[in-house]
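# here you go, sequence then predicted model.
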Amino acid sequence: MLVADGHRPREGGADRKPVEVAVGVLVRPDGRFLLTSRPPGKVYAGYWEFPGGKLEAGESVEQALRRELREEIDVVIGAVQPWRTERVDYPHALVHLNFCKVFDWSGELHMHEGQQFAWEDLPVRSAPVLPGTVPVLQWLAAERGFAGQTHGWEKG
Ligand SMILES: Nc1nc2c([nH]c(=O)n2[C@H]2C[C@H](O)[C@@H](COP(=O)(O)OP(=O)(O)OP(=O)(O)O)O2)c(=O)[nH]1
């Protein structure tokens, strides 16, 4: 589990029920992947992340991912490949991130919530990156044999 921003996890934190989140790693044929900035008004506004959001009651990860990507960036996704999961303990919540790879989608990207987007490669230029997004960059680096810093630390 990752503890974000060096906060001290609450007593009994391990017993808290995590919020389930579906996250899409959209990868283009040239290997670039999509990052979006968190919209104004949300926690960590302006931080870069992979697009996605919380599961609604009764939804599977895949269903939530399809809904979120349609709502937030206007794409209809094809096959969803569950990839890896990660728990992150933030001051605002304990989240369980379900990262899925997506190679097929249709529709042009439209940011519906005032986000920015970037097709990124390693090292990622967009900054700052959300704490819970950093492990994904490391997994991608390992897969790709990329050595070195995966992203910058300062706001660009
Ligand atoms: N989408 C996304 N969320 C991430 C990533 N890494 C990470 O720690 N998170 C966290 C941030 C949030 O605490 C949580 C996602 O919740 P959210 O607030 O963006 O979800 P949502 O779109 O359903 O939001 P809302 O409708 O409740 O406002 O997961 C990531 O790469 N992508």
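Perfect, thanks for sending it.

# contact residues of this structure facing the ligand?
Within the chain, the positions near the ligand by C-beta under 6 Å from any ligand atom are 21, 23, 42, 49-54, 88, 90, 93, 95, 97, 130, 132-133. (Each C-beta comes from the backbone N, C-alpha and C, glycine too.)

# among those residues, which are located in strands?
Per DSSP state E, strands hold the following members of the residues of the chain next to the ligand: 21, 23, 49, 52-54, 88, 95, 97.

# let's have these in CSV, adding neighbour count and pLDDT.
CSV is the format used below for these (neighbours: other C-beta atoms under 10 Å; pLDDT from 0 to 100):
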residue, neighbour count, pLDDT
Val21, 23, 98
Val23, 25, 98
Glu49, 20, 98
Gly52, 22, 98
Gly53, 17, 98
Lys54, 13, 98
Val88, 21, 96
Val95, 20, 97
Leu97, 24, 98
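
# those residues: which two are farthest apart?
Farthest pair in those (C-beta to C-beta) is Gly53 and Val88. Separation: 14.6 Å.

# what residue ranges in this structure score low on pLDDT?
Low-confidence segments of the chain, defined by pLDDT under 70: 8-15, 153-156.
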